[in-house]
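Peer 1: here are the coordinates; sequence isn't available:
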């Protein structure tokens, strides 16, 4: 079973881009406090298609969100032969958790919680 749920604050504004095939992809860093609150772990989160577009429009640095998804592990070798790896969260659901996140008059209901 590969399931992850995180609650944290965006460490930076999200980056929205499009693949060569035209699919929207949004990447952001989520700071998640450990028990006690003195230390945070940082996770890279990736959203795709409509969810990516909404995330790119409504998420901003410092905003509190809940993310559900799965872990995705990749490995590769650099040009000089070094092996590298990375783990990121491919999200299935994002929920905005702070009151200042969305202006109720400006944002559609789908921006409060968006899933694919």
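Peer 2: Received the coordinates, thanks. This one's a predicted model, so the numbers in the text were calculated from it and none came from an experiment.
Peer 1: Walk me through which strands the strand or helix carrying residue 87 pairs with, and which way each runs.
Peer 2: Using DSSP states H and E, residue 87 falls within strand 83-96. Looking at strand 83-96 with DSSP bridges, its partner strands are strand 40-48 (parallel), strand 64-77 (antiparallel), strand 113-115 (antiparallel).
Peer 1: Could you list the residues in contact with that strand?
Peer 2: If you take CB atoms under 8 Å, 6 or more residues apart in numbering as the criterion, strand 83-96 is touched by 4, 6, 30, 43-48, 51, 54-55, 58-59, 63-78, 102, 111-116. All C-beta spots, glycine's among them, are computed from the backbone N, C-alpha and C.
Peer 1: What residues does the residue nearest the centre of the chain make contact with?
Peer 2: Nearest to the geometric centre of the chain sits residue 45, at 3.3 Å (CA atoms, centre = their mean). Applying CB under 8 Å, 6+ apart to residue 45 gives the contacts 6, 27-30, 67, 69, 88-89, 91.
Peer 1: Which one of those residues is nearest to residue 14?
Peer 2: In terms of CB to CB, no member of the contacts of residue 45 lies closer to residue 14 than residue 28, at 3.8 Å.
Peer 1: That closest one and residue 55 touch, don't they?
Peer 2: Yes - Residue 28 is within contact range of residue 55, at 6.9 Å (criterion: CB atoms under 8 Å).
Peer 1: now the chain, which segments are flagged as low pLDDT?
Peer 2: Across the chain, the ranges flagged by pLDDT under 70 are 99-116.
Peer 1: so which strand or helix has residue 9?
Peer 2: Going by DSSP H and E, residue 9 is in strand 4-10.
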